[in-house]
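[1] What follows is a predicted protein model with its sequence.
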2 protein chains.
Amino acid sequence: MKNNILIVHGGGPTAVLNSSLYGVIKEAQNNICIDKIYGAIGGSEAILKENFLDLGTTKDADLDLLLQTPGTAIGSSRFPLKQEHYEKMPDIFKKHDIKYVLFNGGNGTMEACGRVHEVCKNEEIYVIGIPKTIDNDIAIIDHAPGYGSAAKFLAHTTAEIGADVKSLPIHVTIIEAMGRNAGWITAASALARKRKEDAPHLIYLPERPFVEEEFMEDVKELYDRLGGVVVVVSEGLKNAEQEPIVPPIFQRGRSVYYGDVSEYLANLVIKRLGIKARGEKPGLAGRTSIALQSKIDQEEAVLVGRTAVQAAVSGRTGVMVGIRRLPEEKYSIETFLVPIQEVMLHEKKLPDHFINERGNNVTEKFIQWCKPLIGEELPEFLSFKDKEIRK
Amino acid sequence: MKNNILIVHGGGPTAVLNSSLYGVIKEAQNNICIDKIYGAIGGSEAILKENFLDLGTTKDADLDLLLQTPGTAIGSSRFPLKQEHYEKMPDIFKKHDIKYVLFNGGNGTMEACGRVHEVCKNEEIYVIGIPKTIDNDIAIIDHAPGYGSAAKFLAHTTAEIGADVKSLPIHVTIIEAMGRNAGWITAASALARKRKEDAPHLIYLPERPFVEEEFMEDVKELYDRLGGVVVVVSEGLKNAEQEPIVPPIFQRGRSVYYGDVSEYLANLVIKRLGIKARGEKPGLAGRTSIALQSKIDQEEAVLVGRTAVQAAVSGRTGVMVGIRRLPEEKYSIETFLVPIQEVMLHEKKLPDHFINERGNNVTEKFIQWCKPLIGEELPEFLSFKDKEIRK
């Protein structure tokens, strides 16, 4: 009987999902307890199709490319696994001498991971979760790999758009950030600020009901003062009734389609305030940018991949690798193992003390918490307009 | 009488507009014929307000920041200059001992530059244009500073989104690029391709009428084959009647507001083909990214700034600094001076030989023309999915 390991990716990629894959392969290549290193080519669906590729012989130069490849090099899926699918898995694993199974993904994937563990717990098959999500909504852990890079992208992009809008301050720009139920990414835009009056001027999060009248007041006041206003909003803004603020555009079958929040709010500003406005939606660019990958995020992604292999080989199962922040003054973390049941089916939202009272900004506490995750200071910009104003 | 120089920025910024400003200041600081170096703080409107700031004493360390500052450090405007405004300018210039006036902008700014030249030509005031536009629509010259960086941003972003979509190939992604009348930026997305079937799979340009039925056929065929499809479209797509393809959302006064092309086409794909689709609109991020600034573009932006100062001091007036590509095998350029009348009121569109017959792609000729402008090869990505397919 061989001791093979299988790595499976689930859900949407991040800028460092392949960095975790790098960590898994590197660690497994060096571990004498492991024979073949299989990748499931195309997510959990690939388990059922037994679509496994041997990754163990990948050369170092190719592996290095993983650190700068967005998406996932082995593919992912959003395949809806059913009980009958789970029940087939132990036999498939045994057929391929797979003793260790690693699932790398977000909340949905951790649920699958937990259920695979359930069907495998009486076999000698060890199942470990590796966290990944740009949304940062996995419970228990301080933060998830993927979030730091998404945060860095939005902070840089907001600072740069802020410099543009300040140069030609004639409109309101609404930037739409990913994260439908949790505002972690949207909130990270606050790291763009270096000086008073820097963008983003307003931040609206899905954790708080969006009140159109307050938004209009906030925008008007800032526009009258600054001319150019930058607003960052979550794609998932909801009103007090917990309905999306964008009216449905059309329905197809049971699915209802809403327009983009950025465009909707830009149009509202034009219509109601008579002020020029535009919406920006970087969308997938926000989770794929290699130029704006966070170095810390990448290192941690590699680390959780390596740790998962070590945990599996040590006989641990039904656990996810977590990241815990140490109480030291300088940012540092350690990994730990969380029982998968504790993270399954939870969704971590931005806590109240990270949001200001009016619900249009984050607090200094959030900024201090988030800052280390993007890995470096934002670059300094020069504006002679500031000097002229300061005269 | 002093010999002061004034630099004025017009219209929307680029990622390297401040690099041209850097070139102007550096050259002027070293030129013994020039006394004060003034910046018009807030575009051509600042001339009328006599809002000039002395930039000449700026320290080198601060000047270096200009090379990595998006927007414009002296501010710009879209102020509609009238004949009465132009007529006031010679006296304002004389009052401030301004002998040299540089206008840095796109087609609109070059028109203003030409008209300022008209009112100044009988005075000892020398007026020079410096080209700048992400849209690359200035006539006569090979390309304009600002375009290379916008092209690089879109090529990288398309390649990265392509890697993401290939990882989880379940939808059609429509990326909207800037450039309402000219497709230069949209076309540059083609540089993202390294292998057959790489994104972008389809490119639609404003130079060709957009035919909805052909678009549907193209998308359907690719989706059936690849699962994930990446389409890049210009924000200014028009139908055969030369009307915007997006129906107007609402009207305010004489302005008609259209929705975003990306969202419109994504919804069309969902409604008509029943395929999941999403729109992305990086918007202003596409002209502000410092991480994806093209090194060549930055160097050329500095060069045209320096050249404009030299031309003014040499007594040239009513000309714009142009860029001409040399016929050498290795990419190289030289600057030359174009009479401003030749560029005024023209708009350079993508020529026919850069667009394929069906109007859903660019030609190899375009790719060869564009490649040197982004300054470097795109990074290599690793996909095990390719290897599996190749087995």
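    Thanks, I have it. In this text the structure is predicted, and so the values were computed from the model without any measurement. Numbering: from 1, shown residues only, chains lettered A, B, ... in the order given.
[2] So what does the residue lying closest to residue A:93 once chain neighbours are set aside look like in phi/psi?
    Excluding the flanking residues, the one nearest residue A:93 by Cβ to Cβ, 6 or more residues apart in numbering or on different chains is residue A:125, at 5.4 Å. C-beta: built from backbone N, CA, C; applies to glycine. Main-chain dihedrals, residue A:125, degrees, to the nearest 10: phi -120, psi 130.
[3] Residue A:125 and chain B, how far apart?
    23 Å (Cβ to the nearest Cβ, to the nearest Å).
[4] count of neighbours near that residue?
    21 (other Cβ atoms under 10 Å in any protein chain shown).
[5] My read is that it contacts residue A:97, right?
    No - assessed by Cβ atoms under 8 Å, residue A:125 is found out of contact with residue A:97, at 10.5 Å.
[6] how does chain A divide into domains?
    A:4-146+A:292-343, A:150-290+A:351-390 (automatic domain parsing).
[7] Would you mind giving the ones you listed as JSON lines with mean pLDDT added?
    Below are the domains of chain A laid out as JSON lines (pLDDT from 0 to 100):
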{"stretch": "domain A:4-146+A:292-343", "mean pLDDT": "97"}
{"stretch": "domain A:150-290+A:351-390", "mean pLDDT": "94"}
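[8] For residue B:117, find the nearest of those.
    Evaluated over these, closeness to residue B:117 peaks at domain A:150-290+A:351-390, with 23.8 Å, by Cβ to Cβ.
[9] one step back: now do the same contact list for the residue nearest to residue A:93.
    With contact set as Cβ atoms under 8 Å, 6 or more residues apart in numbering or on different chains, residue A:125 has these partners: A:90, A:93-94, A:98-101, A:317.
[10] do residue A:214 as well
    By Cβ under 8 Å, 6+ apart, the contact set of residue A:214 is A:358-360.
[11] On the secondary structure side, give me the element for it.
    For residue A:214, the host element (DSSP states H and E) is helix A:212-226.
[12] Would you mind listing the buried residues in that helix?
    Neighbour-count burial for helix A:212-226 flags A:215, A:218-220, A:222-223, A:226 (criterion: 16 or more other Cβ atoms under 10 Å in any protein chain shown).
[13] for stretch A:141-150, same thing?
    Using 16+ other Cβ under 10 Å as the test for burial, stretch A:141-150 gives A:141, A:143-150.
[14] chain center to stretch A:93-104, what's the gap?
    Distance of stretch A:93-104 from the chain centroid (Cα atoms, centre = their mean, to the nearest Å) equals 26 Å.
[15] Just the terminal-to-terminal distance for that stretch.
    Start and end residues of stretch A:93-104 are separated by 17 Å (Cα to Cα, to the nearest Å).
[16] List the buried residues in that stretch.
    Result for stretch A:93-104 [16+ other Cβ under 10 Å]: buried residues A:93, A:96, A:98-104.
[17] for residue A:58, what are its contacts?
    Contacts of residue A:58 by Cβ under 8 Å, 6+ apart are residue A:25.
[18] and the longest helix along chain A, what other elements does it pack with?
    Secondary structure of chain A per DSSP state H: the longest helix is helix A:147-167. Helices and strands touching helix A:147-167, by 3 or more Cβ pairs under 8 Å, 6 or more residues apart in numbering or on different chains; DSSP states H and E, are strand A:172-177, helix A:184-188, strand A:229-234, helix A:295-313.
[19] Run through who's touching the second one.
    Residues lying outside helix A:184-188 but in contact with it, judged by Cβ under 8 Å, 6+ apart, are A:134-137, A:147, A:150-152, A:154-155, A:177-179, A:203-206, A:232-234, A:286, A:350, A:354-355, A:362, A:366, A:370, A:374.
[20] what's the next secondary structure element after it?
    Taking DSSP H and E, what comes next after helix A:184-188 is strand A:202-204.
[21] Which neighbours in the sheet does that next one have, and how are they oriented?
    Its sheet considered, strand A:202-204 pairs with strand A:229-234 (parallel) by DSSP bridges.
[22] Show me how far the partner strand is from its chain's centre.
    Offset of strand A:229-234 from its chain centre (Cα atoms, centre = their mean): 19 Å.
[23] Next, the angle strand A:172-177 makes with it.
    Strand A:229-234 and strand A:172-177 meet at an angle of 20 degrees, taking axes from the mean of the first three to the mean of the last three Cα atoms, to 10 degrees as the criterion.
[24] between strand A:229-234 and helix A:147-167, how big is the angle?
    Put simply, strand A:229-234 runs at 160 degrees to helix A:147-167, going by the same axes, to 10 degrees.
[25] Distance of the residue nearest to the spatial centre of chain A relative to chain B?
    Geometric centre of chain A, nearest residue: residue A:134, 0.3 Å, by Cα atoms, centre = their mean. As defined by Cβ to the nearest Cβ, residue A:134 lies at a distance of 11 Å from chain B.
[26] again with residue A:350
    Per Cβ to the nearest Cβ, residue A:350 is found 24 Å from chain B.
[27] Quick check: beta-bridge partners of residue A:9?
    residue A:104.
[28] can you pull out the helices in the stretch 1-150 of chain A?
    Assigned by DSSP state H, counting those that start in this stretch, the helices in the stretch 1-150 of chain A fall at A:17-29, A:45-48, A:60-66, A:83-95, A:107-120, A:147-167.
[29] any idea which of the ones you listed is most buried?
    Counting by mean count of other Cβ atoms under 10 Å in any protein chain shown, helix A:147-167 has the highest mean neighbour count of these, with a mean of 28.
[30] tilt between that one and helix A:17-29?
    Going by the same axes, to 10 degrees, helix A:147-167 makes 150 degrees with helix A:17-29.
[31] Which residues lie in contact with residue A:322 in this structure?
    For residue A:322, the contacting residues are A:131, A:140-142, A:335-338, by Cβ under 8 Å, 6+ apart.
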